[in-house]
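Chemist: Return atomic coordinates for the entry below.
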Amino acid sequence: MRLFRPLKGRDLALHAAAITFYGGIAVVPVALLAIWAASVLAGADGMRALAEPAVAVLPDRIGADRAAAALLEAGLGLTPGLALAALLPATFYGEGLRRAFVSVAGPGESLVGWRGRVLLLPLLVASPGLLTATLVCVPYAARLFEQGGWARFGGIVVSFTAVWLALTPVMIWVYRGLAPGSGPGWLRTVLVGSFTAANLSGFAHGFLLFCALPLDLGLPFGGLDAVGGVVAVGLWLYLFHVIVLAGFAASRSSIGGGERGDSGGRGTERSETRAAAPERDSGSAPGAGRTERPSTVPSNDLDL
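Modeler: Numbers count the residues shown, from 1 in each chain. Model (predicted):
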């Protein structure tokens, strides 16, 4: 498809796996910093009151609720020194995104990793507000979901919309600020970023549904459920980043843009040919200006 032309000839699976590696390093520190910063603004008790309903609705099949509860308490107990220590691994996510985008776009810039880390900082600053805004909607969505019927559908819509609206400014900044080059226009960035955020929101809700299924995730790993859970989370993060890369390609491509670029290149070649034509025709005699070139055809007498 022309929309994903920047990904043509690129190993999408490898790029998504690379971002997932960096994301695996950064996901816990990013969450800890967001929880800690939000608790500084709203207070530890206020943050706990906001987050506990969200923790309660998480499925317990693979221990997602217990992991979220432990993450919440760790974030609330973070000190300024520990927050500063978590900042370094948290910025690895920006490095991973930037490296993947540079590899796809191919501008060949220097200091790719540090640029990505620095450009992720605005998202870390905004993360407490985005997290708080999302958690505010969770209790209302949970109440609707518990009522059943159409109210349950309404709860899903509220939850989906809350995550979508929270991710939209994140994806806009990722495609406009964190990605290399001048980037597309603001209108295209907003549209693609919003559409990608909607897909990611639906994907996140699909992950919650997956966690609730009665699956034995430890079966392929000798009954080690913890290993199966980690692998499952890694796989979903990988697919998550496939969507992110597809959105990046869509934000950098234009319908027919590649064809115009190709025709532009052919036009340049034609103009160079026309420019060289008068030089060939400038001789007064038909053979003037011609240079005899040695034949490149190998002789039949040559011993091969």
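Chemist: where does the stretch 51-200 of the chain have low pLDDT?
Modeler: For the stretch 51-200 of the chain, applying pLDDT under 70 flags the ranges 107, 182-183.
Chemist: Let me see the ranges of the helices in it.
Modeler: Along the stretch 51-200 of the chain, counting by DSSP state H, counting those that start in this stretch, helices occupy 64-76, 80-90, 92-105, 112-147, 149-173, 186-212.
Chemist: would you turn those into a markdown table with mean neighbour count and distance to P180?
Modeler: C-betas here are computed from N, CA, C, even on glycine. Compiled in a markdown table, those are given as follows (neighbours: other CB atoms under 10 Å; distance: least, CB to CB, whole Å):
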| stretch | mean neighbour count | distance to P180 |
| --- | --- | --- |
| helix 64-76 | 17 | 32 |
| helix 80-90 | 15 | 21 |
| helix 92-105 | 23 | 5 |
| helix 112-147 | 17 | 8 |
| helix 149-173 | 17 | 14 |
| helix 186-212 | 17 | 14 |
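Chemist: In CSV: those, plus distance to G218.
Modeler: Supplementary listing: the helices of the stretch 51-200 of the chain in CSV, determined by distance: least, CB to CB, whole Å:
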stretch, distance to G218
helix 64-76, 15
helix 80-90, 28
helix 92-105, 28
helix 112-147, 29
helix 149-173, 29
helix 186-212, 14
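Chemist: So which of those is nearest A37?
Modeler: Closest approach to A37 among the helices of the stretch 51-200 of the chain (CB to CB): helix 112-147, 3.9 Å.
Chemist: about what we covered before: D11: which of the helices of the stretch 51-200 of the chain is closest?
Modeler: helix 92-105 (9.1 Å).
Chemist: which residues sit against the closest one?
Modeler: 6-7, 10, 15-16, 18-19, 21-23, 25-27, 30, 108-109, 112-121, 123, 174, 178-181, 241, 244-245, 248-249, 252 (CB atoms under 8 Å, 6 or more residues apart in numbering).
Chemist: Surely R115 and E109 touch.
Modeler: Yes - between R115 and E109 there is a contact under CB atoms under 8 Å: 7.3 Å.
Chemist: any common contacting residues for those two?
Modeler: Common contacts of R115 and E109 (CB under 8 Å, 6+ apart): P180.
Chemist: who's in contact with L239?
Modeler: Listed by CB under 8 Å, 6+ apart, the contact partners of L239 are 16, 203.
Chemist: mind running it again at 10 Å?
Modeler: The contact partners of L239, by CB atoms under 10 Å, 6 or more residues apart in numbering, come to 16, 20, 203, 206-207.
Chemist: and it, what helix or strand is that in?
Modeler: helix 225-252 (DSSP states H and E).
Chemist: Give me the buried positions along that helix.
Modeler: Using 16 or more other CB atoms under 10 Å as the test for burial, helix 225-252 gives 228-229, 232-233, 236-238, 240-252.
Chemist: What of stretch 38-48?
Modeler: Neighbour count says stretch 38-48 has 38-39, 42, 44, 47-48 buried, by 16+ other CB under 10 Å.
Chemist: outside of that stretch, which residues touch it?
Modeler: Contacts for stretch 38-48 (CB under 10 Å, 6+ apart): 35-37, 49-51, 55, 72-73, 75-78, 80, 83, 127-132, 135.
Chemist: 6 Å instead?
Modeler: Under the contact criterion CB atoms under 6 Å, 6 or more residues apart in numbering, stretch 38-48 has outside partners 76, 128, 131-132.
Chemist: can you list the residues you listed in JSON lines and add distance to S194?
Modeler: Listed next are the contacts of stretch 38-48 as JSON lines, based on distance: CB to CB, whole Å:
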{"residue": "L76", "distance to S194": "32"}
{"residue": "P128", "distance to S194": "22"}
{"residue": "L131", "distance to S194": "19"}
{"residue": "T132", "distance to S194": "21"}
